[in-house]
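Chemist: Quick one: sequence plus predicted model below, questions after.
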Amino acid sequence: MGKKKYFVKVKSITALNHDVLEIITEKPEGYDFRPGQATEMAINKKGWEDENRPFTFTNLPEEDHLEFVIKTYPSHDGVTDELLSVKAGDELILNEVFGAIEYRGKGAFLAGGSGVTPFIAILKSLEAKKKLSGNSLVFANKKKEDIFLKDTLERMLGRKYINLLSDESTDEYPKGHIDKDFLQNTFSDFNQYFYLCGPPEMMDEIISDLKDLGVAEKNIVVEEY
């Protein structure tokens, strides 16, 4: 017996920047998830029905729809590129909900590119519960044009929201990487939780730097599948 699949219609698609889409779909009855969790998605279109890719829910579980924020890679000629041609009324195929990352307590969220997506639902959930205070977010991207949901994140976190650019110097944002120097200069409390999501190589380096700075392994929370 195969895993259960859910066919949902796309309600809307919005471009958040030059390569990031926000896709809102119907929500199947009884389809529950926790903030930070994900599912595998395919496009209900000939040749694409079995091409599943993991995407994180970015809305609150109690809402009557599902929302995904997805970085597209047109040069890869794959699922995310094909999503650029999807429109309202088209169908997507969702699989069952799985693991990903879970909130354990106040801390710093360190995200690389589309790695910010699990944190969006977690931060929205904390805001709804009035428990956002004491949390911060560092959003690392290559260039200013890669930033998305800036207004939402700024509204939620204010000065506790930091953008960091690796490949571009601007007057607005610091240039660099989430490395040991940056962590030392940005955080004074290394007993808090550090939530990490981004490219594997970047995550490995940050974990190593955090441990060097005295962060206990149990306080480093990474995405799990």
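Modeler: Received it, and whenever you're ready, just let me know what you need. Residues are numbered from 1 along each chain as shown.

Chemist: how about residue 206, secondary structure?
Modeler: Of the three states, residue 206 takes helix under DSSP: H, G, I helix; E, B strand; the rest coil.

Chemist: so where is this protein shaky, pLDDT-wise?
Modeler: Residues of the chain that meet the criterion pLDDT under 70 lie in 1-2, 76, 224-225.

Chemist: Break it down into its domains, please.
Modeler: Annotated domains of the chain cover 6-97, 107-222 [automatic domain parsing].

Chemist: Dump these to JSON lines, plus mean neighbour count.
Modeler: Quick note: C-beta positions are derived from backbone N, CA and C, even for glycine. Conversion of the domains of the chain to JSON lines gives the following (neighbours: other C-beta atoms under 10 Å):
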{"stretch": "domain 6-97", "mean neighbour count": "16"}
{"stretch": "domain 107-222", "mean neighbour count": "17"}
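
Chemist: Mind telling me which residue is nearest the centre of this structure?
Modeler: Centroid-nearest residue in the chain: residue 117, 1.2 Å away (criterion: C-alpha atoms, centre = their mean).

Chemist: Show me the strands paired with the longest strand seen in the chain, marking each as parallel or antiparallel.
Modeler: If you go by DSSP state E, the chain has its longest strand at strand 6-15. Here strand 6-15 is paired, per DSSP bridges, with strand 20-26 (antiparallel), strand 91-98 (antiparallel).

Chemist: Not counting that strand itself, show me its contacts.
Modeler: By C-beta atoms under 8 Å, 6 or more residues apart in numbering, the residues outside strand 6-15 that reach it are 21-28, 31, 44, 65-66, 86-95.
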